[in-house]
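1. Need a 3D model of the sequence below.
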Amino acid sequence: MSTIRKIFIFSLVTFSGLLLIGALFLLFFVDINSYKAKLEATASNALGLDVKVDGRIGLGFFPSICSVCAIAYRLN
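-> Predicted structure coming up:
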């Protein structure tokens, strides 16, 4: 195998490993529900509606990065 190919594969594996460690850190050590009030305020300003998040917010990484929450809104 050429040196350039070895460096490329090593860099790709290293980047993937760091990305996985970062995702696991977010999943286990960051409380996404602490951002609920800011999310509600930002959504209310953007939509012009009174937005309230009911329940807990979930964060997932498989099969794609997603945030799951139940959003209820009331028309002004």
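2. On the three-state scheme, Ile7 is what?
-> Secondary structure assignment for Ile7 (DSSP: H, G, I helix; E, B strand; the rest coil): helix.
3. pLDDT score for it?
-> pLDDT recorded at Ile7 is 95.
4. check contacts around it.
-> Listed by Cβ atoms under 8 Å, 6 or more residues apart in numbering, Ile7 has no contact partners. The way it works is simple: take the backbone N, C-alpha and C, and place the C-beta from them, glycine included.
5. What distance do you get for it to Ile21?
-> 21 Å (Cβ to Cβ, to the nearest Å).
6. ditto for Gly58
-> 21 Å.
7. try Ile32
-> Distance from Ile32 to Ile21, by Cβ to Cβ: 18 Å.
8. what's the burial count for Phe8?
-> 11 (other Cβ atoms under 10 Å).
9. doesn't Val51 fall inside a strand?
-> Yes: assignment of Val51 by three-state DSSP places it within a strand.
10. what secondary structure does the closest residue to it other than its chain neighbours sit in?
-> The shortest distance from Val51 to any non-neighbouring residue, by Cβ to Cβ, 6 or more residues apart in numbering, is to Ala43 (4.1 Å). Classification of Ala43 using three-state DSSP returns helix.
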